[in-house]
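Asker: After the sequence you'll find the predicted model.
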Amino acid sequence: MSELGRVLLVEDDPRDIELTMTALAEYNLANEVVVARDGQKALDYLYCRGEFGARSNGNPAVMLLDLKLPKVDGLEVLQQIKSDQGLKLIPVVVLTSSREEKDMIRSYNLGVNAYVVKPVDFHEFVNAIKELGIFWAVINEPPPGSMKRAL
């Protein structure tokens with residue numbers, strides 16, 4: 001029986017959310033995908049605050065993080081996660097439309113595990129999510145404390 005981790009998708013674009021969810025479901029790459037539509041909701045989820053106060057324990061096996069987010073931007077979310085002893089081991093993949101070198105450099109300086117520019121083409125986008133999902137949810141061994149559930 002395969003165990004797949006929980007994915008935290010931090011994305012505000014409804015189309016990108018739908019494409020990501022479709023790709024992960026089509027290839028059975030996650031048991032649970034939690035969607036946070038802004039940086040504040042992502043932090044609330046990770047710190048079990050607000051609407052996520054009663055969520056089950058455990059960190060996500062991977063976080064897919066957009067940079068251009070309302071309320072709290074992705075770089076600030078990344079900075080808070082990587083500076084927190086209880087969260088810094090969560091693998092974070094920046095999944096963004098930004099090709100700006102300064103965003104990429106800052107992301108890596110803050111400790112991001114991977115930086116992926118979202119493909120514009122539908123099929124390329126789905127394929128990129130499939131490949132990310134296969135690596136982070138199946139191949140990669142998540143850090144201790146990550147939420148995993150059997151299929």
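Answerer: Here it is on my side, so go on. Remember, it's a predicted structure, so these values are computed and weren't measured experimentally.

Asker: Can you give the distance of the one helix or strand Ala42 maps to from its chain's centre?
Answerer: The secondary structure element spanning Ala42 is helix 39-46 (assigned by DSSP states H and E). Here helix 39-46 shows a centroid-to-chain-centroid distance of 12 Å under the convention C-alpha atoms, centre = their mean, to the nearest Å.

Asker: list the helices and strands that helix packs on?
Answerer: The contact analysis (3 or more C-beta pairs under 8 Å, 6 or more residues apart in numbering; DSSP states H and E) places helix 39-46 against strand 3-10, strand 32-36, helix 74-82. Placement of C-beta: from N, CA and C, glycine included.

Asker: next SSE after it?
Answerer: Counting by DSSP H and E, the next helix or strand C-terminal to helix 39-46 is strand 62-65.

Asker: wait, is Ala23 part of a helix?
Answerer: Yes. Residue assignment for Ala23, taken from DSSP: H, G, I helix; E, B strand; the rest coil, places it within a helix.

Asker: From Ile105, how far off is the residue lying closest to it once chain neighbours are set aside?
Answerer: Take Ala23 and drop its neighbours on the chain: the residue closest to it by C-beta to C-beta, 6 or more residues apart in numbering is Ile129, 3.7 Å away. When C-beta to C-beta, to the nearest Å is applied, the distance between Ile129 and Ile105 equals 24 Å.

Asker: With neighbour numbers in mind, choose between those two.
Answerer: Ile129 (26 against 11; other C-beta atoms under 10 Å).

Asker: And that one, which helix or strand is it part of?
Answerer: Using DSSP H and E, Ile129 sits within helix 122-133.

Asker: Now do the buried residues in that helix.
Answerer: By neighbour count, and taking 16 or more other C-beta atoms under 10 Å as the criterion, the buried residues in helix 122-133 are Phe125, Val126, Ala128, Ile129, Leu132, Gly133.

Asker: likewise stretch 94-102?
Answerer: The neighbour-count criterion (16+ other C-beta under 10 Å) identifies Val94, Leu95, Thr96, Ser98 as the buried residues of stretch 94-102.

Asker: isn't the second one right next to Asp13, touching?
Answerer: What it means is Leu95. No. Contact criterion C-beta atoms under 8 Å: Leu95 and Asp13 do not qualify, at 10.6 Å.
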